[in-house]
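**Student:** Would you be able to build a 3D model of this:
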Amino acid sequence: MQQPPPYAPQGGAPPPAAMVSKVEMTISCEGLRDADVFSKSDPICVVYNLEGNKRREIGRTERIDDNLNPKFQKQVIVDYHFEEVQKLAFHVFDIDDNNNDVSKADFLGKCECTLGQIVSSSNFKRPLDYLGRNFGSISIQAQEQGGMQKSVAMTLKGVKLDKKDWFGKSDPFLEFHRQLLDGSYALAHRTEFIKNTLNPNWKPMKINTRRLCNNNPDTVIRVECFDWNSNGSHDLIGEFFTTLAELEQANAGKTFPLVHPKKKSKRGYRHSGEIVVETLTVAREYSFLEYIQGGCELNFVVGIDFTGSNGDPRDPSSLHYLGGTTPNQYTQAINAVGNVIQDYDSDQLYPAFGFGARLPPTWQVSHQFSLNGNPSEPDCHGIQGILGAYQQCINSVQLYGPTNASPIVGNVAKMAREALHQQQAKDYYILLLITDGILTDMDQTIHMIIEASELPMSIIIVGVGNADFSDMERLDADDALLSIGNRKAKRDIVQFVPFRDFKNGLPDRLAASVLKEVPGQVREMYNDILRVPPLYQPFNGPPS
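**Tutor:** Next up, the predicted model:
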């Protein structure tokens, strides 16, 4: 039984209401235009917010190869403001390169509407406009985030599935769909496919119950098993229907026969194989705000690049120049990120380090030194304390090199490991690393990041200047977890952005971009890796 908090605020005030609601949009299309000559289109849907004559991308789905009727698994999340008319545009493209660059893609159609129209419809469906003509359709299901969350963790296997391939067996994968109010179904989860087997063992999966069944244990769930084909025309092996209530009651080893709807009326037909539940647990999932309100603090740490490629700090062209009317990019990045995180760190003490400079009096190169000159107490008081120490440091060290970041990443990982030993959701570390070029010790840094992926920490990397940062994108593992050799990260903890993408914008745009993944990383750490509840439950008012 969880212990009550050691103290609780008095007065019985209710917890503050959420400023906005989050809405998840699940998108599918039918009858898309075929823009490819020798295969089908490879569609992706990009969602824009329309403000006057301007549009701003707010999210996009994954790309699905060779499919004119895609059901996208990756949802697009948008803030919902009841008091505003929020105009959205859904653009569907045929993507033929691995970079998902829509500027080089074939346009398949668009739909413009308001978020209010989507959320007020159980199954919003509209034609896609292609050059003034209707060509295919788009369906959007919206679901509000919120409330107590749970997740289903399970491992499934298939037994004696039907053979679908002429020269092999089958390449099976599963799809889970939740039933909507109008009787249609929305995709909730898709497993990986396993090559050439009739007895697949899928990887352990975890599905949020809101996505799986809208938190209703009696909502019908349709599970389909397909044979994967490279051309996108996957063959149905069979399906079964269940509910979360039935799954929760299922003992290990329970089987579900797969029935093909076109075969079930045939004489002598039993099923097309079976799906076996090997393990299944339903667990409480806590939100980012529940952890923050439950006593988790975000500890801000800064690492600054003092290598010679930044240029002589006395030269106005230097990235470390302090004499201009506009703060340099290092200062702007520290301000933008720090001003957000400081609200979540009660002591306002921030360790701040530099790397790649020669230090007096010996003028030896250091790959990690305290900006305030005190190795045993590197904390700076407040964001202004960091900036003051940075400005003083610029005038006392010699910029040199190389650009080695692994020592600082390793040092913050050491701090996070000490927090991990508490076995509590108490201290989470966020390292802001600002550099003007590609890391010289890339492999060592990757090893450090993989090690840190099991620890309560996130890494934000801001690239300043005009260097080619394409190699740095490798660290920002949005599509596949970071790996090197036979080592693989447990989770994605790095967010990288070039400062130049926000040079002419407001600082809050930079902060929003680099911090957007932090809440999810915090939730994943404490829900999935450490598996602990908030330190204490926020006070919810007096007992009734």
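**Student:** mind listing what residue 233 touches?
**Tutor:** Taking Cβ atoms under 8 Å, 6 or more residues apart in numbering, we find residue 233 in contact with residue 66. Using the backbone N, CA and C atoms, a C-beta is placed for each residue, glycine as well.
**Student:** so when I look at it, I'm seeing a strand, right?
**Tutor:** No - Residue 233 is assigned coil when assessed by DSSP: H, G, I helix; E, B strand; the rest coil, not a strand.
**Student:** what about it, distance to residue 40?
**Tutor:** Plainly put, residue 233 is 8 Å away from residue 40 if you go by Cβ to Cβ, to the nearest Å.
**Student:** shared neighbours, those two?
**Tutor:** With Cβ under 8 Å, 6+ apart as the test, residue 233 and residue 40 both reach residue 66.
**Student:** hmm, who's touching stretch 364-383?
**Tutor:** Stretch 364-383 has contacts (Cβ under 8 Å, 6+ apart) with 302, 304, 334-335, 338-339, 342, 348-359, 385-386, 388-390, 392-393, 396-397, 400-401, 404, 407-408, 411.
**Student:** Okay, buried residues for the helix ranked longest in the chain please.
**Tutor:** As assigned by DSSP state H, the longest helix anywhere in the chain is helix 406-420. By 16 or more other Cβ atoms under 10 Å, the buried positions in helix 406-420 come out as 406-413, 415-417, 419-420.
**Student:** Over to stretch 416-433?
**Tutor:** Neighbour-count burial for stretch 416-433, counted by 16+ other Cβ under 10 Å, picks out 416-417, 419-420, 424-433.
**Student:** now swap in stretch 153-162 and tell me
**Tutor:** 154, 156, 158, 161, 162.
**Student:** Farthest pair within the residues you listed?
**Tutor:** 154 and 162 (22.7 Å; Cβ to Cβ).
**Student:** okay, now residue 480: neighbour count?
**Tutor:** Around residue 480 there are 9 other residues, counting by other Cβ atoms under 10 Å.
**Student:** Just the pLDDT at it, thanks.
**Tutor:** At residue 480, the model reports a pLDDT of 82.
**Student:** same thing with residue 145?
**Tutor:** Per-residue pLDDT puts residue 145 at 76.
**Student:** quick one: contacts for it?
**Tutor:** Residues counted as contacts of residue 145 (Cβ under 8 Å, 6+ apart) are 21, 22, 23, 24, 77, 210.
**Student:** at 7 Å instead, please
**Tutor:** 22, 24 (Cβ atoms under 7 Å, 6 or more residues apart in numbering).
**Student:** Against residue 179, how distant is it?
**Tutor:** In terms of Cβ to Cβ, residue 145 sits 20 Å off from residue 179.
**Student:** Could you do residue 346 as well?
**Tutor:** Relative to residue 179, and taking Cβ to Cβ, residue 346 is found at 46 Å.
**Student:** Looking at the two, which is more packed in?
**Tutor:** Taking other Cβ under 10 Å, residue 346 and residue 179 do not tie; residue 179 has more neighbours (18 against 8).
**Student:** Which elements pack onto the strand or helix carrying residue 275?
**Tutor:** Using DSSP states H and E, residue 275 maps to strand 274-285. Applying 3 or more Cβ pairs under 7 Å, 6 or more residues apart in numbering; DSSP states H and E, one finds that strand 274-285 contacts strand 149-159, strand 255-257.
**Student:** Name the next helix or strand downstream of it, please.
**Tutor:** Using DSSP H and E, the helix or strand that directly follows strand 274-285 along the chain is helix 288-293.
**Student:** Name the residues that touch that following helix?
**Tutor:** Outside helix 288-293, the residues that touch it by Cβ under 7 Å, 6+ apart are 344, 425, 519, 522, 523, 526, 534, 538.
**Student:** what ranges do the strands span in the stretch 301-450 of the chain?
**Tutor:** 349-355, 357-359, 364-366, 369-370, 379-381, 398-399, 427-435 (DSSP state E, counting those that start in this stretch).
**Student:** Would you tell me which of those strands gets closest to residue 88?
**Tutor:** Proximity to residue 88 (Cβ to Cβ) singles out strand 427-435 among these, at 31.3 Å.
**Student:** Can you tell me the strand partners of that closest one and which way each runs?
**Tutor:** Here strand 427-435 has these sheet partners by DSSP bridges: strand 297-305 (parallel), strand 457-463 (parallel).
**Student:** how about low-confidence regions in this structure?
**Tutor:** 1-21, 81-84, 122, 144, 146-147, 505-508, 537-544 (pLDDT under 70).
**Student:** Let me see the ranges of the helices in it.
**Tutor:** So, for the chain - with DSSP H - the helices run 115-119, 209-213, 244-249, 288-293, 329-341, 382-394, 406-420, 442-452, 507-515, 518-524.
**Student:** and of the ones you listed, who's closest to residue 530?
**Tutor:** Ranking the helices of the chain by proximity to residue 530 (Cβ to Cβ) places helix 406-420 first, at 7.2 Å.
**Student:** wait, what's in contact with the closest residue to residue 173 other than its chain neighbours?
**Tutor:** Counting by Cβ to Cβ, 6 or more residues apart in numbering, residue 173 lies nearest to residue 193, which is 3.9 Å off, once chain neighbours are set aside. Neighbour list for residue 193: 171, 172, 173, 228 [criterion: Cβ under 7 Å, 6+ apart].
**Student:** Mind doing that once more with 6 Å?
**Tutor:** 171, 173, 228 (Cβ atoms under 6 Å, 6 or more residues apart in numbering).
**Student:** hmm, which of those are the buried ones?
**Tutor:** Using 16+ other Cβ under 10 Å, the buried ones in those are 171, 173, 228.
**Student:** between the buried residues of helix 406-420, which is nearest residue 44?
**Tutor:** Nearest to residue 44 out of the buried residues of helix 406-420 is residue 409 (Cβ to Cβ; 33.1 Å).
**Student:** wait, what's in contact with the nearest residue to residue 63 once chain neighbours are set aside?
**Tutor:** Nearest residue to residue 63, sequence neighbours excluded (Cβ to Cβ, 6+ apart): residue 44, at 4.4 Å. Going by Cβ under 6 Å, 6+ apart, residue 44 touches 61, 63, 93, 95.
**Student:** Go ahead and build a ChimeraX selection from the buried members of these.
**Tutor:** Restricted to buried positions by 16+ other Cβ under 10 Å, the ChimeraX selection for the contacts of residue 44 reads:
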select :61,63,93,95
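**Student:** In strands only, show me the contacts of residue 44.
**Tutor:** Mapping those onto strands (DSSP state E) picks out residue 93.
**Student:** Which member of the contacts of residue 44 is positioned nearest residue 116?
**Tutor:** Of the contacts of residue 44, the one sitting nearest to residue 116 (Cβ to Cβ) turns out to be residue 61, at 21.6 Å.
**Student:** Cool, thanks, signing off.
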